[in-house]
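**Q** Curious how this folds, go ahead:
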Amino acid sequence: MDRVLAGDAQAFAGIVQRWQGPLVNMAWRYCRDRSRAEELAQEAFIRAWRGLAQWRRESSFSTWLFSVAANVYRTELKRIPSVTVSLNDVAEPSRPFVQDAQLDGVARDEAVRRAVLALPDKYREPLILYYFHEMDLAAAAATMGMPAGTMKARL
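**A** A predicted model of the protein is given here:
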């Protein structure tokens, strides 16, 4: 980071290479579209490059980078509003619900992802960072810019 802050643009390429996978993975968990996730991650790197002077070294670079990325992803999600459906408009299932224990791992994982994506932003983002992106509580709270207690409550 010292080389990057000193103006070495090539050193930033190493940072992009190191963090590209995790940022694309995080973006995919927000939007569920691989190409869009790659575009969002690229935008996050551009904003990080432009805002490097704002990194105050109070937290690790990765925490700051994920915070920048989360803001980019959150802004993108606000641009395209989610659709809500009234429970009265949903048809009754044609067969009884299969118990969780009977679901195979892939189907269960997909059901959990769909359920998390259906949550309001203020609950979805902490879950994505903490459980799916496997951040610890302090890092997830710092990324969201909220106190750890608030993060716990939302989880």
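**Q** ok, longest helix in the protein?
**A** Ranked by residue count and defined by DSSP state H, the top helix of the chain is helix 9-31.
**Q** what's in contact with that one?
**A** Residues from elsewhere that reach helix 9-31 (C-beta atoms under 8 Å, 6 or more residues apart in numbering): 1, 3-4, 34, 36-38, 40-41, 44-45, 49, 61-62, 65-66, 69-70, 73-74, 76-77, 128-129, 132-133. Just so you know, the C-beta spots here come from the backbone N, C-alpha and C atoms, and that holds for glycine as well.
**Q** Filter these down to the buried ones and hand me the ChimeraX line.
**A** Typed into ChimeraX, the line below selects the buried ones among the contacts of helix 9-31, using 16 or more other C-beta atoms under 10 Å:
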select :4,37,40,41,44,45,65,66,69,70,73,76,77,128,129,132,133
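**Q** circling back to that earlier point, after the longest helix of the chain, next one along is what?
**A** helix 34-50 (DSSP states H and E).
**Q** Can you check what angle separates that following helix from helix 9-31?
**A** 140 degrees (axes from the mean of the first three to the mean of the last three C-alpha atoms, to 10 degrees).
**Q** Show me what helix 34-50 is packed up against.
**A** helix 9-31, helix 61-79 (3 or more C-beta pairs under 8 Å, 6 or more residues apart in numbering; DSSP states H and E).
**Q** chain center to that helix: distance?
**A** Distance, stretch centre to chain centre, for helix 34-50: 12 Å (C-alpha atoms, centre = their mean, to the nearest Å).
**Q** what's the distance between the helix or strand of the chain with the lowest mean pLDDT and the middle of its chain?
**A** Scoring the helices and strands of the chain by mean pLDDT, DSSP states H and E places helix 2-5 at the bottom, with a mean of 76. Distance, stretch centre to chain centre, for helix 2-5: 26 Å (C-alpha atoms, centre = their mean).
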